[in-house]
Structure formats: structure tokens, C-alpha cells
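A.B. asks: With the input below, show me the fold.
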Amino acid sequence: NVKAQHVIRVLARVTVLASGGAGNVYAATTNPSVATGDGIAMVYRAMGRVANMEFAQFHPTSLYDPGVRPAFLITEALRGAGAILITAFDQVPFMHKYDPRKDLAPRDIVARAIDHEMKTSGTDFVYLDARHIDRNKLLSHFPNIYQRCLSKGIDITKDLIPVRPAQHYACGGVVIDQNGRTSIGQLFACGEVSCSGLHGANRLASNSLLEGIVYANSIFQAIVSEWKTHDFQEGIPEWDEKGVGHTEEWVLIAHNFQEIQNLMTNYVGIVRSNLRLERAERRINLIFEETEDFYRKTIVSPELCELRNIITCAYLTVKCAKLRKESRGLHYTTDFPEKMDRAFDTTL
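C.D. replies: Residues are numbered from 1 along each chain as shown. Reported below is the predicted structural model:
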């Protein structure tokens with residue numbers, strides 16, 4: 001109860017997690033602000049199985065608009081219609097250096113290329129050039145992009161579009177079986193919070209919509225057939241608020257939130273290395289200790305809970321990334337640039 005600042009105990013015979021992904025672990029994401037990995041973090045703290053958290057999909061082209069969340073997605077269809085990526089400084093095409101398919105290469109390749117160009121040039125974005133495409137085609141096929149950019153003072157028929165990669169989808173999460181069951185009794189999960197294995201190491205566009213529909217139905221069928229056989233779990237105490245108090249130090253939550261997002265973007269983003277992962281892990285552990293101490297002494301709030309959850313998801317992402325001694329799908333590391341012959345899950 002946010003208004004009363006009080007945690008209410010709710011019991012159920014069966015629970016379904018559909019809490020979404022963890023996009024806000026990163027500085028730029030197309031996810032809504034509530035995507036803080038709540039379900040993933042709760043299951044891990046309850047000793048449930050979580051897997052493949054290293055497979056974070058970055059959409060290569062979100063509108064560069066600092067401070068605005070969620071990031072506005074510039075669809076790949078615009079590149080399909082002929083738009084090309086160019087550098088921010090000298091405004092020359094660069095995708096030919098990374099893949100023979102150039103601007104039509106898969107998302108992970110395009111995102112890595114943009115990331116490399118940004119880091120080597122010291123810029124925060126590259127440009128997407130659609131000026132050569134017929135104006136009527138742009139207006140009829142991409143009206144939302146045209147209007148959004150125009151509201152920012154960018155006329156895509158005349159101006160370059162500043163873009164950067166943004167976290168878009170989490171392929172890892174809570175491990176489920178074909179019926180959506182987790183490793184915790186009477187707990188199901190579906191959607192982006194889950195890891196069904198369907199997306200492997202790199203999700204195909206829109207498959208997540210199909211997954212949500214199929215698994216929601218499978219979970220429904222399973223619950224209908226068995227829910228009466230389950231009892232309410234006994235022995236779950238009411239929330240204990242003894243020894244906690246109000247605080248005026250909410251700025252600490254905001255700062256730690258931002259620190260996690262920045263270090264995950266810089267060290268555990270599109271391109272990784274052993275050194276970056278080690279450095280990220282040390283800083284995450286320190287922020288975890290600070291936040292847990294704060295949590296034990298402070299009346300609970302949504303902001304504090306979400307901070308704890310993104311810290312947990314950041315930790316899980318680093319742990320899974322360290323276990324994978326190869327580059328596969330959405331996980332690319334400079335220390336192990338090749339893919340192993342055998343695929344495996346990184347299960348925690």
C-alpha cells in the first residue's frame with residue numbers, strides 16, 4: 001500500500017509472475033520505467049532458478065534524447081526502406097566495415113558496430129540518414145517517427161536523426177518448463193520475466209508476443225486443472241516494520257540507481273571483457289551492501305524495492321556473463337570472441 005507505506009500480505013493457492021523484463025538496469029532502454037526486474041529478483045531471492053541473464057538484446061537505433069525514458073524506438077524498417085547509418089563527426093557510412101549486409105545486418109551486429117563507432121569517436125550517438133528517401137514514402141510509412149522527431153526539432157525528410165542503441169529485451173529470466181512452471185512450487189511465470197528457452201541467445205522480432213500468448217494459455221490450462229489441489233501456504237508472517245523509520249535521504253536511492261545504470265552500460269553492455277565484468281562486479285557488491293543496510297533501517301517504498309531489484313538483476317547478468325567463456329548471440333566478449341561448438345544455459 002504505497003499511500004499508507006505499508007506492506008500487505010496476500011496469500012494464494014497459485015501465483016503467476018508476469019512482471020516484465022529488467023531494461024532499467026541500463027542507462028538507455030525502450031522499456032517502461034516499471035521494468036526493473038522485480039519478478040526475476042524475487043525468484044532469485046526465494047532460491048528459484050534463473051538463467052541466461054547475459055543475453056540482453058539492444059535495439060540498435062533509439063532516438064538520442066538525453067534524459068528521456070523510455071527511449072523512443074526508430075524501427076529497423078526505416079533502414080529497410082533505405083536509410084543508412086553514418087558517423088557523427090564526418091558523416092560517412094560505416095556499416096560496410098562490419099558486415100557485407102551493411103545497414104541490413106542483424107540487430108546485434110548493427111548494435112555492436114554503432115557501439116564501436118561511438119566509443120572510438122567519443123560521441124554519444126551516430127546519425128541515421130533518411131533524407132534521400134521519397135518524402136511521401138516517409139510520411140505515409142513512418143508517421144509516428146516523423147511526428148516524434150518533428151516534436152524534437154528534427155524533420156527526418158531534411159535532417160539527420162541522432163540514434164544510439166538501447167536495451168530492448170531480456171532473453172534470460174526465471175526458468176520455466178513447457179507449462180510455465182518455475183522451480184518454486186505453485187509459482188508460474190510468463191512473458192519477459194521468464195526464460196522458456198524459446199528465444200535462445202538472440203530473440204527474433206515479435207516472437208515474444210507469440211510466446212506470451214502461448215504460455216499464458218498453457219498456464220491457464222494447468223491452473224484450471226490443479227488449483228483446487230493446492231492449499232494456502234501456512235506460516236508466512238505479516239510484514240515486520242519494527243526498528244525502521246522514515247528518511248530524508250532519498251537522493252541516495254536516485255544516485256545508486258543511476259550508478260548501476262551507468263556501470264552496466266559501460267562495463268556489461270553490448271561489448272564486454274573479463275576486466276570490465278570484474279570491475280562491474282566489485283562496484284555492484286559495494287552498492288548492494290550500502291542498499292541492504294539502508295533497506296534494513298528504512299520504511300519500504302517502491303523506489304527502494306526497485307533499486308534492490310535492479311541491483312540483483314545487474315549482479316545476475318554479470319554472474320551469467322562470467323560463466324559464458326564464449327561469444328554467442330547477444331553476449332559478446334573480447335576475451336572469448338568465438339562461439340563454442342556446444343550450446344549451454346548459464347543457470348544460477
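
A.B. asks: Now the nearest residue to R107 once chain neighbours are set aside: which helix or strand?
C.D. replies: Spatially, and ignoring its direct neighbours in sequence, R107 is nearest to P60 (5.7 Å; Cβ to Cβ, 6 or more residues apart in numbering). For glycine as for every other residue, the C-beta is placed from the backbone atoms N, C-alpha and C. Assessed by DSSP states H and E, P60 sits inside strand 56-63.

A.B. asks: And the strands in the stretch 201-348 of the chain?
C.D. replies: Here the stretch 201-348 of the chain has no strands by DSSP state E, counting those that start in this stretch.

A.B. asks: Quick check: which ranges of it have low pLDDT?
C.D. replies: Residues of the stretch 201-348 of the chain meeting the criterion pLDDT under 70: 243.

A.B. asks: pretty sure A27 is in a strand, no?
C.D. replies: No. Under DSSP: H, G, I helix; E, B strand; the rest coil, A27 falls outside any strand and is assigned coil.

A.B. asks: Next, work out how far apart the residue nearest to R107 and H116 are.
C.D. replies: Relative to H116, P60 is positioned 12 Å away (Cβ to Cβ, to the nearest Å).

A.B. asks: quick one, which of the two is more surrounded?
C.D. replies: Legend: neighbour count by other Cβ atoms under 10 Å for P60 and H116, higher for P60 (28 against 15).

A.B. asks: quick one on the thing from earlier: mind checking what helix or strand follows the strand holding P60 in sequence?
C.D. replies: Assigned by DSSP H and E, the successor of strand 56-63 is helix 77-80.

A.B. asks: Could you pull out the buried residues of that following helix?
C.D. replies: L78, R79 (16 or more other Cβ atoms under 10 Å).

A.B. asks: which secondary structure elements does that helix contact?
C.D. replies: Applying 3 or more Cβ pairs under 8 Å, 6 or more residues apart in numbering; DSSP states H and E, one finds that helix 77-80 contacts no other helix or strand.

A.B. asks: CA-only coordinates of it in PDB, if you can.
C.D. replies: The C-alpha trace of helix 77-80 is given here as PDB (Å, rounded to 0.1, in the frame of the first residue of the first chain):
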ATOM      1  CA  ALA A  77      12.000  -0.800 -41.200                       C
ATOM      2  CA  LEU A  78      13.400   2.700 -41.800                       C
ATOM      3  CA  ARG A  79      16.700   1.100 -42.700                       C
ATOM      4  CA  GLY A  80      14.800  -1.500 -44.700                       C
END
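
A.B. asks: residue closest to the middle of the protein?
C.D. replies: When the chain is reduced to its mean C-alpha position, the closest residue under Cα atoms, centre = their mean turns out to be G23, at 2.8 Å.

A.B. asks: Mind giving me the packing neighbours of the strand holding P60?
C.D. replies: Counting contacts by 3+ Cβ pairs under 8 Å, 6+ apart, strand 56-63 is packed against helix 107-121, strand 161-170.

A.B. asks: Compute the distance between the residue lying closest to the residue nearest to the centre of the chain once chain neighbours are set aside and R45, please.
C.D. replies: Spatial nearest neighbour of G23, excluding adjacent residues (Cβ to Cβ, 6+ apart): N31 at 2.9 Å. Shown here: N31 relative to R45, a distance of 21 Å by Cβ to Cβ.

A.B. asks: one step back: please look at the residue nearest to G23 and S62 and confirm they touch.
C.D. replies: No. Contact criterion Cβ atoms under 8 Å: N31 and S62 do not qualify, at 11.0 Å.

A.B. asks: Please go through this structure and pick out the longest helix.
C.D. replies: The longest helix of the chain (DSSP state H) is helix 274-297.

A.B. asks: How about that one, which residues are buried there?
C.D. replies: R276, L277, R279, A280, E281, R283, I284, I287, F288, T291, F294.

A.B. asks: ditto for stretch 306-318
C.D. replies: Within stretch 306-318, the residues that qualify as buried are 306-318, counting by 16+ other Cβ under 10 Å.

A.B. asks: Distance from the chain centre to it, please.
C.D. replies: Here stretch 306-318 is found 11 Å from its chain centre; the criterion is Cα atoms, centre = their mean, to the nearest Å.

A.B. asks: what's next to that stretch, contact-wise?
C.D. replies: Applying Cβ atoms under 8 Å, 6 or more residues apart in numbering, the contact partners of stretch 306-318 are 22, 24-25, 36-38, 40-42, 44-45, 50, 53-54, 56, 172, 253, 256-257, 260-261, 263-264, 268, 277, 280-281, 284-285, 287-288, 291-292, 295, 348.

A.B. asks: And N31 and R45? Which one has more around it.
C.D. replies: N31 (23 against 11).

A.B. asks: which of the buried residues of helix 274-297 lies closest to G67?
C.D. replies: I287 (21.9 Å; Cβ to Cβ).

A.B. asks: Could you tell me which residues make contact with that closest one?
C.D. replies: N256, E259, I260, I311.

A.B. asks: hmm, which two among those residues are most spread apart?
C.D. replies: E259 and I311 (9.9 Å).

A.B. asks: What ranges does the protein have for its helices?
C.D. replies: Counting by DSSP H, the helices of the chain are 38-45, 77-80, 107-121, 135-141, 143-151, 207-226, 251-267, 274-297, 302-323.

A.B. asks: now the ones you listed in a markdown table, with distance to P162?
C.D. replies: Output for the helices of the chain, formatted as a markdown table (distance: least, Cβ to Cβ, whole Å):
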| stretch | distance to P162 |
| --- | --- |
| helix 38-45 | 32 |
| helix 77-80 | 14 |
| helix 107-121 | 11 |
| helix 135-141 | 17 |
| helix 143-151 | 10 |
| helix 207-226 | 27 |
| helix 251-267 | 17 |
| helix 274-297 | 26 |
| helix 302-323 | 26 |
